[in-house]
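# Got a predicted structure plus its sequence, pasted below:
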Amino acid sequence: MTDTTQQPANAGAAGTILLLDDDHFLLDMYSMKFMQKGFTVEACQSTAEALVALRGGVKPSAILFDIVMPGEDGFSFLSSVKGEKLAESAALIALTNQSNDQDRLQLEKLGTDAYVVKASMIPSEVVEMAIKEIAKKKK
C-alpha cells in the first residue's frame, strides 16, 4: 500500500482512490497524479492486497484496476468486490492494456463504470475521467 507520509497537506480532501496494478511504475505515477488532485491513494499490487484494504475499512471514491494480474485477475477482483458489497458507492474503472470487446462486455455485466485502455489516454486524462465518474456516483 502507499506510504501515506508522502501525501500532500490537502490529501483526502477529494476522497480516496484505490489503485490496483501489478506494475509498480504505473502505481507510482497514477498515485502521484491523484495526490496532486487532493486524493488519498491506496496502491495495491495484487488483488489479495486490494481486498484486504477494502475488507479493512478503506472506503474509496473510485477503484481503478487492471484486468491482467498475477494470481487473481481483475474479473475475479470485481466479482469479490460486488459479491461482498465492498465499496458499493465507488466508481469502478478498468484501467488495462486489453482492448478486447469481450472483456469490456464482461466487465460491464459485472458493474464496471468505465473501461480505459492505458495507451489511449495520458495519466492526467485518466484522472479527470475518474473524477467525472466519481461525480456521477454522487448524484
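Arrived safely.

# CA atoms for contacts and neighbours, from now on please.
Noted.

# Mind jotting down where the strands sit in the protein?
15-20, 39-44, 62-65, 91-96, 114-117 (DSSP state E).

# Tell me which of the ones you listed sits nearest to Lys137.
strand 91-96 (6.5 Å; C-alpha to C-alpha).

# hang on, the earlier thing: including mean pLDDT, could the strands of the chain go into JSON lines?
Shown next, in JSON lines, are the strands of the chain (pLDDT from 0 to 100):
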{"stretch": "strand 15-20", "mean pLDDT": "96"}
{"stretch": "strand 39-44", "mean pLDDT": "96"}
{"stretch": "strand 62-65", "mean pLDDT": "97"}
{"stretch": "strand 91-96", "mean pLDDT": "94"}
{"stretch": "strand 114-117", "mean pLDDT": "92"}
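
# could you redo those strands as TSV and give each row mean neighbour count and distance to Val126?
Converted to TSV, the strands of the chain look like this (neighbours: other C-alpha atoms under 10 Å; distance: least, C-alpha to C-alpha, whole Å):
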stretch	mean neighbour count	distance to Val126
strand 15-20	25	12
strand 39-44	24	14
strand 62-65	26	10
strand 91-96	24	9
strand 114-117	18	8
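
# how about JSON lines for the ones you listed, with distance to Gly83 added?
Formatted as JSON lines, the strands of the chain follow (distance: least, C-alpha to C-alpha, whole Å):
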{"stretch": "strand 15-20", "distance to Gly83": "18"}
{"stretch": "strand 39-44", "distance to Gly83": "20"}
{"stretch": "strand 62-65", "distance to Gly83": "16"}
{"stretch": "strand 91-96", "distance to Gly83": "14"}
{"stretch": "strand 114-117", "distance to Gly83": "19"}
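
# At the geometric centre of this protein, which residue do we find?
Leu64 (1.7 Å; C-alpha atoms, centre = their mean).

# where are the low-confidence patches of this protein?
1-12 (pLDDT under 70).

# Show me which helix runs longest in this protein.
helix 123-138 (DSSP state H).

# tell me what that one is packed against?
If you count contacts as 3 or more C-alpha pairs under 8 Å, 6 or more residues apart in numbering; DSSP states H and E, helix 123-138 packs onto helix 24-36, strand 91-96.

# Dihedrals phi and psi, the residue nearest to Val81 when sequence neighbours are not counted?
Nearest-residue entry for Val81: Ala87, 7.0 Å, with adjacent residues in sequence omitted and distances by C-alpha to C-alpha, 6 or more residues apart in numbering. Main-chain torsions, Ala87, degrees, to the nearest 10: phi 60, psi 50.
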